[in-house]
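1. need the 3D shape of this:
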Amino acid sequence: MKKNDSEMRCPEHRFRLFGKIKVDQKTNCIEVKCRECSKAYTKKYGKKVEVFHYFDLAGFVKTEVKPVKEENKERDVKNESRSNDNS
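-> Purely as a prediction, here's the structure:
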């Protein structure tokens with residue numbers, strides 16, 4: 001995990017990972033990769049995408065939809081297999 005990255009977990013079920021957040025020091029925004037929206041947009045567009053929501057101290061700023069590169073797809077599969085081993 002990078003220096004400005006953090007994990008958001010359910011306060012009652014700490015094993016449940018909501019997602020990873022990243023703080024952008026330039027814009028003072030928090031970036032959250034949304035799994036649910038990523039699944040919905042992937043289904044809608046017919047190709048694998050990642051959806052990121054951005055927030056600042058005042059609240060919601062924007063949403064970005066980014067296509068997944070093949071190298072990211074391979075890395076995600078490796079990370080998923082590691083996290084499944086820990087379950």
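
2. show me the shaky parts of this protein.
-> Residue ranges of the chain with pLDDT under 70: 1-4, 13, 16, 18, 70-87.

3. okay, helices next: where are they in it?
-> 35-45, 70-85 (DSSP state H).

4. for Asn30, list the residues it contacts.
-> Actually, residue 30 is Ile rather than Asn. Residues near Ile30 by CB atoms under 8 Å, 6 or more residues apart in numbering: Ile21, Lys22, Val23, Asp24, Tyr54, Phe55, Asp56. From N, CA and C alone the C-beta is placed, and that goes for glycine too.

5. what's the answer for Asp5, then?
-> Lys20, Ile21, Lys22, Val23.

6. the second one touches Cys34, doesn't it?
-> No. Using CB atoms under 8 Å, Ile21 is not in contact with Cys34; the gap is 10.8 Å.

7. about what we covered before: now, of the contacts of Asp5, which are buried?
-> Among the contacts of Asp5, those that count as buried by neighbour count (16 or more other CB atoms under 10 Å) are Ile21, Lys22.

8. who are the neighbours in contact with the one residue sitting closest to the centre of the chain?
-> Taking CA atoms, centre = their mean as the criterion, Lys33 is the residue nearest the geometric centre of the chain, at 2.3 Å. Counting by CB under 8 Å, 6+ apart, Lys33 makes contact with Gly19, Lys20, Glu50, Val51, Phe52.

9. only whichever of those are buried, select them in ChimeraX.
-> Here is the ChimeraX command that selects the buried residues among these (16+ other CB under 10 Å):
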select :19,50,51,52
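
10. among the contacts of Lys33, which two are most distant?
-> The distance between the two most remote of the contacts of Lys33 (CB to CB) is 13.4 Å, for Lys20 and Val51.

11. coming back round to it: just send the contacts of Ile30 back as JSON lines, with distance to Phe15 too.
-> Output for these, formatted as JSON lines (distance: CB to CB, whole Å):
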{"residue": "Ile21", "distance to Phe15": "18"}
{"residue": "Lys22", "distance to Phe15": "22"}
{"residue": "Val23", "distance to Phe15": "24"}
{"residue": "Asp24", "distance to Phe15": "28"}
{"residue": "Tyr54", "distance to Phe15": "27"}
{"residue": "Phe55", "distance to Phe15": "24"}
{"residue": "Asp56", "distance to Phe15": "29"}
